[in-house]
Each structure stands twice: as C-alpha cells, then as structure tokens.
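Show me how the following folds:
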Amino acid sequence: MEKVRIGMVGAGFIARIHMAGYKEIEPFAQVIGVCSRRKENAERFAKEFSIPKVFNNFEELCESPDIDIVDVCTPTNLHDDVIICAADNKKHVMCEKPLTGYFGEDTDKELVGIEIPKSHMYKKVLDKIERIEKKIKETGVKFMYGENLVYAPSVEKMKRMIRASASPILEIRAECSHSGSIASYAKLWRTSGGGSLMRLGSHPVAVVLHLKHFEGLQRNGKPIKAKAVWGEISNLTKTKEFLKQEKHYVATAWQDVEDWSILVIDFEDGTKGVIFSNDVSLGGLKNWVQVNLSSGMIYANINPNNMMIAYAPNVDIWKDEYIAEKIETKAGWNFPSPDDFWTRGFPQELKDFVLAVKEDRDPVSDFELAKETAKVIYAGYYSSEEGKKIDIS
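Predicted coordinates for the structure are as follows:
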C-alpha cells in the first residue's frame, strides 16, 4: 500500500503529539520531512523521530515534490502563511486549531488585546477566513481542521446515541479548562490571538458546532449552524484578593489576554450551546461535553475520566510515569490516563485525514468547522466588549 507522505511544519509540543499519532497509522502514512523556525530544533526533532529530511523553511517544504500533506503545527499567528503556501504548491493541508486569529498585524501597539477594538479584530478575522477559503477552493486541495475532540471515542459514541434516539438536541454544554499555560507566547494577544477563549475554548466550541452539524445532517441533510453569540471574558488572576496571596497555583502574568471566558451560542433552530474555558482550574485538564436531548441526556468525561484511579502518599511514588495532563501533583488521588492521545482522538484524527486523501473524500473535521469555530470565538470577543449578542448568520 502506497503511503501518504507528510511534511511537518513545527517541532514543538503539538508536533510531538502528532508524531505519536502517525506511529499508530504507519501502514497509511510516513513523515518525510520537518522544518521549524529554528533549524536546530527541526534537526533534533528529525533525529529523535527518524525523519529523513530537514527543510530550511516552510516554503521549501511546501515546494518539495516528496510531500503530499503539509501538517501545520505552528503557533496560530503563522497558520495563514503556511496554509496559503501549501495550497499554492498543491499540497493538502492539515492545520492545528484554531484556524486563524487577529494578532495586531496592522498596528504597532504592543498590548493589542487592550488597545484594539474587538469589532476591528472580528472584521479582520472574517477577511482572513475569506482569503484562506478562496485559496483552498481555487487550488482544490483538501483541508483538515485539527480538532481532535471531534474524533474522541466518547464523542463518536455520543453521535451514535443521538442518531439512535432520533431526538432533537435542546442544549449542549462543554468545557476545556486547566490551571494555565506557562508558555510565554500565550501571555500576549500579539502572539496568541487571545486568551483562554482562543487557546482552550476552540476545543469545546468546535465540538458543540460539530454535534449540531451532525444533528442537522441526520435530520434534514444540512448542518444546523450558529446564528448568534454572546460572550463574557475576565482576568480573575488580577483580582485584588488573588494578588494578595503569596503563592499562586495557577498561571499568572497574563498581559493583555483573558484567563476566564464563557460563550452562549444561539443556533438557527432555536437551541443553545454553552461553552466554558478558563486558565484558573486546578486539578488537571478538564474536557467534558453534556448533550441534553428531548428524550435523554449524555455526558462525556473525556478528561479526567475514572477508567483508572490511583493514590500515592507523596509525589515520588510514580516517578516519571505519565499520569494526566496539567495535574499539579502526583500525590493523593489521581485519574491516570491509559492512553491520553487515543482518549482525546489524536490518532483517529490523523487517520481520517490521511485516508481522506487516499480515498479522495472529505474529512470529518473540515474547513467549514474551522471557519465557523473562528467566527464564533471572535464574535464572542466582540460581544464581550459590546455587551450584546453578535449576529453571525
């Protein structure tokens, strides 16, 4: 069987997760090359994962005749250029979430998140989405939106149960939260495009949208789309009482981005989606989805789940063994994840896109989901500033 050839742009955290996923689908795909902003990082990455080719830059990688798919694992502020370059070179694109954002490219102001109106950001993001969509359609390449939770086994099971019930979805609630990023890029809007709503909220937003798309396709042959968005954001780690504390267990030093957010999505069929995302939640990564049907309720504990439970009297017991993402301590009761990547859908995501290319079909997580997710997120920012719902239909 001829393998699909992958070129990796980026050699950081998410690229490592993707490499673990590719290892599980070796019969279908091979990573041929990698590049990174710093070539030494790409060289280390290539050596670690036995990747045969290191490219000097993403332009060179995209031009290579040895690459079929460009896997975009860069920070979001670099997504647009890599996607356009890949499409221009007739390469299929897999892009990590979120699709794009506003990073203050048209201003010299440093604290973009404070000094630039969210209405301006929303308009600019719509322009970017239009540009990317036009290029993808012009070149005819396939686009895979890297939203792994769409492929989580629990979400797949939810969809089968929704289909079996033939019941309308009345409300969906979902969350992605943890105790905060320590990465410096995450502290500034100019490099991250937003705070907890952008970095974390993109996961539950996409899952909620996907489930409503699925419901509509099952019932009427067309997806149910978001109609309007209300949002609220805050900086809870800048409150007076928090700042009085000598020791902090959640991430701090956010510059012009939020550490707490909530969205309410109005769908065109009159139903609701509620999204929670924050950087002030201790106890490890939290990914959950609740679907309220007219005839039942489904709750998916993606992270943490109680497939395994462990206790240790001190932090040294489990040594270097991975327990779960973003836990503050390995002492006490914990919920070890036997296979965190599988539980969150990473190998399933990669397999779907590779097979979409081989079989010449659309992936489950596609450009429409990427586009609508970005629109909802930035409509949420716009709403939080205006204090009213924003119509996105």
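
could you pull out the strands for the stretch 1-150 of the chain?
For the stretch 1-150 of the chain, the strands defined by DSSP state E, counting those that start in this stretch occupy 4-9, 29-35, 53-54, 69-72, 92-96, 143-146.

the residue most distant from the middle of this structure, which is it?
Distance from the centre of the chain peaks at Pro313, with 34.8 Å (Cα atoms, centre = their mean).

Show me the domain layout of the chain.
Using automatic domain parsing, the domain parsing of the chain gives 4-146, 149-347+375-391.

any idea how far the nearest residue to Glu110 once chain neighbours are set aside is from Ala253?
Excluding the flanking residues, the one nearest Glu110 by Cβ to Cβ, 6 or more residues apart in numbering is Arg190, at 7.0 Å. The way it works is simple: take the backbone N, C-alpha and C, and place the C-beta from them, glycine included. With distances taken as Cβ to Cβ, to the nearest Å, Arg190 is found 15 Å from Ala253.

Between these two, which is the more surrounded one?
Neighbour count, other Cβ atoms under 10 Å: between Arg190 and Ala253, Arg190 has more, with 22 against 11.

Next one, pLDDT for that one please.
The model reports Arg190 with a pLDDT of 96.

buried sites along stretch 229-237?
Val229, Trp230, Gly231, Ile233, Ser234, Asn235, Thr237 (16 or more other Cβ atoms under 10 Å).

Tell me how many other residues crowd Asp266.
Per other Cβ under 10 Å, the neighbour tally for Asp266 reads 18.

quick check, it in a strand?
Yes - residue state for Asp266 (DSSP: H, G, I helix; E, B strand; the rest coil) corresponds to a strand.

Okay, and the beta partners of the closest residue to it other than its chain neighbours?
Distances taken as Cβ to Cβ, 6+ apart put Ala228 closest to Asp266, at 4.2 Å, once the chain neighbours are dropped. Taking DSSP bridges as the rule, Ala228 bridges to Asp266, Asp391.

Just the pLDDT for Ala228.
pLDDT, Ala228: 98.

residue contacts, it?
When contacts are counted by Cβ atoms under 8 Å, 6 or more residues apart in numbering, Ala228 touches Ile265, Asp266, Ala379, Lys389, Ile390, Asp391, Ile392, Ser393.

Isn't the residue nearest to Glu110 up against Asp106?
No - the criterion here is Cβ atoms under 8 Å, and Arg190 misses it with Asp106 at 11.6 Å.

of all the contacts of Ala228, which comes closest to Asn278?
Ile265 (17.5 Å; Cβ to Cβ).

so the closest one makes contact with Val208?
Yes - contact criterion Cβ under 8 Å: Ile265 and Val208 qualify, at 6.6 Å.

Need the residues touching each of those two.
Residues touching both Ile265 and Val208 by Cβ under 8 Å, 6+ apart: Gly273, Ile275.

circling back: next up, the contacts around the residue farthest from the centre of the chain.
Ala331.

And it, how close does it get to His248?
Distance from Pro313 to His248, by Cβ to Cβ: 25 Å.

which intervals of the stretch 151-300 of the chain have sub-threshold pLDDT?
Counting by pLDDT under 70, the stretch 151-300 of the chain shows no low-confidence range.

let's go with 90 and repeat that
182-184 (pLDDT under 90).

how about the helices in it?
With helices called from DSSP state H, counting those that start in this stretch, the stretch 151-300 of the chain shows them at 153-165, 189-192, 196-199, 202-220, 240-244.

can I get these in JSON lines with distance to Asp279?
Converted to JSON lines, the helices of the stretch 151-300 of the chain look like this (distance: least, Cβ to Cβ, whole Å):
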{"stretch": "helix 153-165", "distance to Asp279": "23"}
{"stretch": "helix 189-192", "distance to Asp279": "12"}
{"stretch": "helix 196-199", "distance to Asp279": "5"}
{"stretch": "helix 202-220", "distance to Asp279": "14"}
{"stretch": "helix 240-244", "distance to Asp279": "12"}
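
Would you tell me which of these gets closest to Asp340?
Of these, the one closest to Asp340 (Cβ to Cβ) turns out to be helix 153-165, at 12.3 Å.
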